[in-house]
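Peer 1: Here is a sequence with its predicted model. Questions after.
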Amino acid sequence: MKKSCFKPKFKTNKLLFSKGKFRFILTFMLIGLYSCTHDRLVSSEDFDKDTDGDGIIDSDEMLNGTNKNDPCDPVQSSGYTSYDPLNILWSIADCDSDGTINSDEVENNSDPYVNESLNPDDRIYPIASFLPTLSELMLFEGNLSDLNFNETVHEYSISTSVFSDYSKILRSIALPRGTQMTYNGEGLFNFPENTILTQTFYYLNDERDPDLGKKIIETRVMIKLNGTWTTGNYLWNEQQTEANYDENIHSIQIDWIDNSGNDRSTNYKVLSSNFCVQCHDYNSTTLPIGPKARALNFVYNGSNQIQKFIDLELLAGAPDISQIEILPNWSDETNTLEDRARAYLDVNCAHCHQPGGSYNVNYGGEFDLSYETSFEDSKINDVKIPIVDRMSSPVSGYFMPLIGSTVIHTEGFDLIDTYIDSLD
């Protein structure tokens, strides 16, 4: 039986087929044909090569049963960037069969793995992998520090804020091409494989005037891989030009001016992803916290967030938004004291202090600070003294919230203290 060889697809290109390049390509192809029809000894160096430039070394291709001479085997999805654009086999191939060779696609800034004639959605989708730098994930477009998401990344917010040493938080959801989230009651959505969730923490230099710039600290990333949520952290450099994957703990001095014109300062603590599970653990399973239906059911950037996901066909199975409860904004004084306090405890505390949460599982806690839990079942009345005590404590490692804060949240404490007093 004759051995089959990859036959690269290419189109006529004046630049490519100048005399010198044509002779080079012809010679290269003849060598390739010769190698396909003549057996030879295989050296150890062959196993470290990437003959076809597809980003997968030959030894792995052999193990996976793919063709080491075919840059389009295995088939890659949109946004794949691990190829070698200088590899001749890869550059003259047409991996999306759209009539444009890969090298021209790269030059035209189009995706070499998307056939535009068959799939009009040639948008760039983020890479669901913890790559060395944040820019490689392709979540943002333009100047990275501008924090402008690309068009397939969807900014969202939650109705009541999390306290993290007074930092601002920019959140996003990115779904793979052609997938949807599924409504799962008023709690957390069901997310498809390779979903990417991010939180970027930053401070405005002067909260009275955002045009005076900002200091970006970290971007926390969660990716659903093989059915399991995995966490990683990207630390921004001083130049604010890039964020690098980082598993170390850092303490960063931050100075800013608040809305009242007061000079503020804090030592912001960047934790490793190992600490993420303390909040994101539910019955020994890592899960997101923020993107729950009740926390998203409000108008943000001009439209109701849930309705927007429905209209974009990114969310399936949701009822009319009027049927979905809304988690109150704890800082909105038009809400009742109880609603504000319970919302604050829900978003800042309930992930640990609920059935299945890390505190209840590891230390036998029986109270439940979730907003949807009735007051009687929450058992808040049984722990009201410890709640106030730990929120007001100056002792690091004792005061609450335990993770993500190093200073007392004055406004949050005042709210909860007033609420606890009202229970007497």
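Peer 2: The structure has been received and is ready for your questions.
Peer 1: low pLDDT regions in this structure?
Peer 2: Along the chain, the model assigns pLDDT under 70 to residues 1-47, 109, 116, 119-121, 275-284, 354-365, 397, 399.
Peer 1: And the longest strand along it, what does it pack against?
Peer 2: Secondary structure of the chain per DSSP state E: the longest strand is strand 214-225. If contacts are counted by 3 or more Cβ pairs under 8 Å, 6 or more residues apart in numbering; DSSP states H and E, strand 214-225 sits against strand 196-204, strand 228-236, strand 243-245, strand 250-257, strand 263-270, helix 276-280. From N, CA and C alone the C-beta is placed, and that goes for glycine too.
Peer 1: Please produce TSV containing those, extended by distance to residue 139 and mean neighbour count.
Peer 2: What follows is the helices and strands packed on strand 214-225, written out as TSV (distance: least, Cβ to Cβ, whole Å; neighbours: other Cβ atoms under 10 Å):
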stretch	distance to residue 139	mean neighbour count
strand 196-204	6	21
strand 228-236	10	19
strand 243-245	10	18
strand 250-257	22	14
strand 263-270	19	15
helix 276-280	18	19
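Peer 1: The longest strand of the chain pairs with which strands?
Peer 2: strand 196-204 (antiparallel), strand 228-236 (antiparallel) (DSSP bridges).
Peer 1: So what angle separates the directions of that strand and strand 250-257?
Peer 2: When axes from the mean of the first three to the mean of the last three Cα atoms, to 10 degrees is applied, the directions of strand 214-225 and strand 250-257 differ by 130 degrees.
Peer 1: With only the CA atoms kept, save strand 214-225 in CSV.
Peer 2: Written as CSV, here are the backbone C-alpha positions of strand 214-225 (Å, rounded to 0.1, in the frame of the first residue of the first chain):
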residue,chain,number,x,y,z
LYS,A,214,-6.6,54.2,36.9
LYS,A,215,-4.3,51.6,38.4
ILE,A,216,-5.1,48.0,37.4
ILE,A,217,-4.0,45.4,39.8
GLU,A,218,-5.1,41.9,38.8
THR,A,219,-7.4,40.0,36.5
ARG,A,220,-8.9,36.8,38.0
VAL,A,221,-10.0,34.2,35.5
MET,A,222,-12.2,31.1,35.8
ILE,A,223,-12.4,28.6,32.9
LYS,A,224,-14.7,25.6,32.6
LEU,A,225,-12.4,22.8,31.4
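Peer 1: and the direction of that strand versus that of strand 263-270, what angle?
Peer 2: Using the same axes, to 10 degrees, strand 214-225 lies at 30 degrees relative to strand 263-270.
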